[in-house]
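Student: coords please:
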Amino acid sequence: MKYLFHARRTLALVGLCTVTLLGMPAAWAVETASFEIVARAGKLVPEKLEVPAGVRLKLTLRNEGKAPVEFESKELRIEKVLGPNASAVVTVQSLKPGSYKLVDEFHEATSQMQLIAR
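Tutor: Numbering: from 1, shown residues only. Modelled structure (predicted):
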């Protein structure tokens, strides 16, 4: 009898958790958008990148050159040094609408881009 009570209580808790999780909106599932930025021949490609505002961003940074590069943006809180033919993924939390600057700090005069959140 004692075990039957525990079994019923356990099943009730499992059922309650299942209904709660299945009935919830996808608030826990944060939307993510993925983009790629490439350092090539002393430039960042693309020079302008439009991204959705209010969405977490997954940026794949690639260096196709033969020298190291440093992807940097104080506004986006990115600072990533990549050696030749290397890549890395960084996550940027959701952005407010606006324009954000990203540079290759080792080639700042020629290697800049604008990330535009709309």
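
Student: ok, Glu50 touching Ile116?
Tutor: Yes: using C-beta atoms under 8 Å, Glu50 is in contact with Ile116, at 4.9 Å. For every residue, glycine as well, the C-beta is placed using N, CA and C.

Student: what about those two, which has more around it?
Tutor: Using other C-beta atoms under 10 Å, the more surrounded residue of Glu50 and Ile116 is Ile116, with 15 against 12.

Student: Please give the element, helix or strand, for that one.
Tutor: Take DSSP states H and E as the rule and Ile116 turns out to sit in strand 112-117.

Student: got the CA positions of that strand in PDB?
Tutor: Taking Å, rounded to 0.1, in the frame of the first residue of the first chain, the C-alpha atoms of strand 112-117 are listed here in PDB:
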ATOM      1  CA  GLN A 112      36.300  47.400 -41.800                       C
ATOM      2  CA  MET A 113      32.600  46.400 -42.000                       C
ATOM      3  CA  GLN A 114      29.200  47.500 -40.800                       C
ATOM      4  CA  LEU A 115      26.800  45.200 -39.100                       C
ATOM      5  CA  ILE A 116      23.300  46.700 -39.400                       C
ATOM      6  CA  ALA A 117      20.600  45.400 -37.100                       C
END
